[in-house]
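Colleague: just the structure for this:
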Amino acid sequence: MKKSLALFSIFIILLTACSEDIITSDNASDNAIPVKTESVEKTTFKKTIELVGKTVPSQQAPVTSSIPSPVKEVHIKEGETVKSGDLLFSLEDQQLRQQLEQAQSAVTTLEQSRNQLNTAIEQQRATQSRVNTVIDETIDQLEEIPLPEQAETNDITATITETLEQLKGLTSSGSSLTSSTLPLINGQLEQARRGVKEAERALQATKITSPIDGTIDQVNAQVGVPAVPSTPLAVVSSKLDLKAVFSVNKFQVLELSEGMPVKLSFDEVGETINGTIETVSSEPNSETNTYTVSVELPENQENIKAETIATAMIDTEIKENALTIPNQAILYDQNKPYVFVVQDDRAIKRKIEIEAEGKHTSHVTKGLADDDVVVTDGKYQLINRSKISLKK
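Modeller: Numbers count the residues shown, from 1 in each chain. Here you go, the predicted structure:
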C-alpha cells in the first residue's frame, strides 16, 4: 500500500513538471495578442465639423389673394416651373363684373346729367344776358324821356326803374340756383369713378399670378373653396440662388463664423463644390434649441435642386507640422487619454495630451514622438506590457 502511494506521488510530480515545461516552452507568438498599428507622424492637422442639412431657395414667395372669393380654376400643379406674371389661379368674378357694370352705369348717368346741367346753365346765362340788355335799354330810354317836373311823375319813373332792377336780380338768381347744383353732381361723379376703379382692381385681383420666376413648391387651393387672404394658395420658390441650411448645437456654433469656406456634397450629385458660410444665427431655435447655419452656393448650379440632402465639411482649425495620431488609437482612463505604444513586441501604456480632436485624427502635444507606433485595433484586450503580434 505504501509502495503504491509512493508511486502515485511520483507520477503526480512528473505530470506537473511536464505541464509547466509545456506552458513555458510555448513560443511568444502563441501567447501574443494580435493587433493592428499605425505610425505617429507630423502632418497638417485639420479639425473638421461635418454637418448634414438640405438645400432651400434663397427666395420663397407665398401666393395669396386680396379678396375672399371662391377659387374658380387652378392653372398649375406642384413642381411646375413658372415665370413672373404667369396665371396661377382664377377666382369667381361674376358678382364683381356686375358691380363694375353698375359703377360704370352710374358714371355714365352722372356724366349725362352734368352735361345737361352745363347746357342749361349756358342757356340760362344767354337768356339772362338778353334780358339784362333789354332792361338796361329800357332804363336808359326812361331816363331820356322828358317828363313834367312833378313829384308824382318822378316817383313813377323811380318805381319803374326799381322794378326793372329787381327783374334783373330774379333772372340772375335763377342762374345761380342752377350753377349751385353743379358741384353736387361733380362730387357724386368723382365718387362713382372711384367706385369703378375699385371694382376694376377687385376684378383684376381674381386673376392671381406668380410674383417671381421659380417652381411651385406646394398648392393649397381647391376649386370652389374661398380664398382666404391670410392663407397662401401656393408657394413659389426661386430656382436661382439656392442655399444649404444646417442645424448646429451650442458647441459647434462657437467654432463657426460668417465667411468660412465649406466643402459641400449632395445626394445624387457626384461632384463636391466649394461654398461659403453666409449666416450664423445668434439665437437658438426655441423648439429644437439648435442654431441655423446657411451656406451660400456658387452660381450656375442647375443640377442641384431644392430640398436636396447636403453634407458640409468645415475646417475650423488648421495646424501645419502637427503631431497626429488616428483616433482609433486613443483610450481613456478616468477621462484622461492614453495609448499603447509598441516596443519590443510589447504594448506599453502611455499617457498623452490632446490639443484638438478632428474627425479621424487628433493633434497630440505630449506623450508621443514622431515615428512612434501605436496600437489601433485590438487595444481593448491589452494591459501594460502585454505581448503583441501584428495581424496579417
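Colleague: where do the helices sit along this structure?
Modeller: Assigned by DSSP state H, the helices in the chain fall at 2-25, 28-31, 94-144, 151-204.
Colleague: by mean pLDDT, show me the worst of these.
Modeller: Note on those: helix 2-25 shows the lowest mean pLDDT, a mean of 40.
Colleague: outside of stretch 191-204, which residues touch it?
Modeller: 67, 93, 96, 97, 99, 100, 103, 104, 106, 107, 110 (C-beta atoms under 8 Å, 6 or more residues apart in numbering). Heads up, the C-betas are built off the backbone N, CA and C, glycines and all.
Colleague: give me the number of residues near residue 261?
Modeller: Using other C-beta atoms under 10 Å, residue 261 has 12 neighbouring residues.
Colleague: could I get the contacting residues of it?
Modeller: Going by C-beta under 8 Å, 6+ apart, residue 261 touches 274, 275, 276, 314, 315.
Colleague: among these, which ones are buried?
Modeller: Among the contacts of residue 261, those buried by neighbour count (16 or more other C-beta atoms under 10 Å) are 275, 314.
Colleague: against residue 73, how distant is the closest residue in space to residue 199 that isn't next to it in sequence?
Modeller: Of all residues beyond its chain neighbours, the one nearest residue 199 is residue 100 (3.9 Å), with distances taken as C-beta to C-beta, 6 or more residues apart in numbering. Distance, residue 100 to residue 73, using C-beta to C-beta, to the nearest Å: 20 Å.
Colleague: what do you get for residue 50?
Modeller: Applying C-beta to C-beta to residue 50 and residue 73 gives a distance of 48 Å.
Colleague: for the residue lying closest to residue 218 once chain neighbours are set aside, what are its contacts?
Modeller: Setting aside the residues directly before and after it, residue 218 is nearest to residue 235 in space (C-beta to C-beta, 6+ apart), at 5.1 Å. When contacts are counted by C-beta under 8 Å, 6+ apart, residue 235 touches 60, 61, 62, 63, 216, 217, 218.
Colleague: could you check how far the closest residue in space to residue 64 that isn't next to it in sequence is from residue 287?
Modeller: In space, not counting the residues next to it along the chain, residue 64 is nearest to residue 232; the distance is 5.5 Å by C-beta to C-beta, 6+ apart. For residue 232, the distance to residue 287 equals 22 Å [C-beta to C-beta].
Colleague: ok, now residue 34?
Modeller: As judged by C-beta to C-beta, residue 34 and residue 287 stand 50 Å apart.
Colleague: quick one: contacts of stretch 75-82?
Modeller: By C-beta under 8 Å, 6+ apart, the residues outside stretch 75-82 that reach it are 86-90, 210, 213-219, 234, 236, 239.
Colleague: same thing but at 7 Å, please
Modeller: 87, 88, 89, 210, 214, 215, 216, 217, 218, 219, 236 (C-beta atoms under 7 Å, 6 or more residues apart in numbering).
Colleague: now the buried members of the residues you listed.
Modeller: 88, 89, 210, 214, 215, 216, 217, 219, 236.
Colleague: alpha carbons of stretch 59-76, as PDB, please.
Modeller: What follows is stretch 59-76 as a C-alpha-only set of coordinates in PDB (Å, rounded to 0.1, in the frame of the first residue of the first chain):
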ATOM      1  CA  GLN A  59     -36.400  83.400 -52.000                       C
ATOM      2  CA  GLN A  60     -39.800  81.800 -51.400                       C
ATOM      3  CA  ALA A  61     -42.900  83.800 -52.200                       C
ATOM      4  CA  PRO A  62     -46.300  82.900 -50.800                       C
ATOM      5  CA  VAL A  63     -49.100  83.400 -53.300                       C
ATOM      6  CA  THR A  64     -52.200  85.000 -51.600                       C
ATOM      7  CA  SER A  65     -55.500  86.500 -52.700                       C
ATOM      8  CA  SER A  66     -56.500  90.000 -51.700                       C
ATOM      9  CA  ILE A  67     -60.200  89.200 -51.900                       C
ATOM     10  CA  PRO A  68     -62.200  86.400 -50.200                       C
ATOM     11  CA  SER A  69     -63.700  84.900 -53.400                       C
ATOM     12  CA  PRO A  70     -64.100  81.200 -54.200                       C
ATOM     13  CA  VAL A  71     -61.400  79.600 -56.400                       C
ATOM     14  CA  LYS A  72     -62.800  79.100 -60.000                       C
ATOM     15  CA  GLU A  73     -59.800  77.400 -61.600                       C
ATOM     16  CA  VAL A  74     -56.300  76.100 -60.700                       C
ATOM     17  CA  HIS A  75     -53.900  76.600 -63.600                       C
ATOM     18  CA  ILE A  76     -50.700  75.000 -62.100                       C
END
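Colleague: re the thing from before, out of the contacts of stretch 75-82, which is nearest to residue 359?
Modeller: Among the contacts of stretch 75-82, residue 217 lies closest to residue 359 (C-beta to C-beta), at 34.2 Å.
Colleague: verify the stated contact: that closest one with residue 239.
Modeller: No. In this structure residue 217 lies outside contact range of residue 239 using C-beta atoms under 7 Å: 11.0 Å.
Colleague: report the lowest-confidence entry in the buried ones among the contacts of stretch 75-82.
Modeller: Checking pLDDT across the buried ones among the contacts of stretch 75-82, the minimum falls on residue 217 at 79.
Colleague: picking up where we left off before, redo the buried ones among the contacts of stretch 75-82 as a markdown table? Include distance to residue 262.
Modeller: What follows is those, written out as a markdown table (distance: C-beta to C-beta, whole Å):
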| residue | distance to residue 262 |
| --- | --- |
| 88 | 36 |
| 89 | 39 |
| 210 | 32 |
| 214 | 25 |
| 215 | 25 |
| 216 | 29 |
| 217 | 25 |
| 219 | 34 |
| 236 | 27 |
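Colleague: out of those, who's nearest residue 330?
Modeller: Taking C-beta to C-beta as the measure, residue 330 lies nearest residue 217 of those, at 46.1 Å.
Colleague: quick one: which of the contacts of residue 261 sit in strands?
Modeller: With strands taken from DSSP state E, the overlap with these comprises 274, 275, 276, 314, 315.
Colleague: now the first one: how far from residue 257?
Modeller: So that's residue 274. Remark: distance between residue 274 and residue 257 (C-beta to C-beta) = 17 Å.
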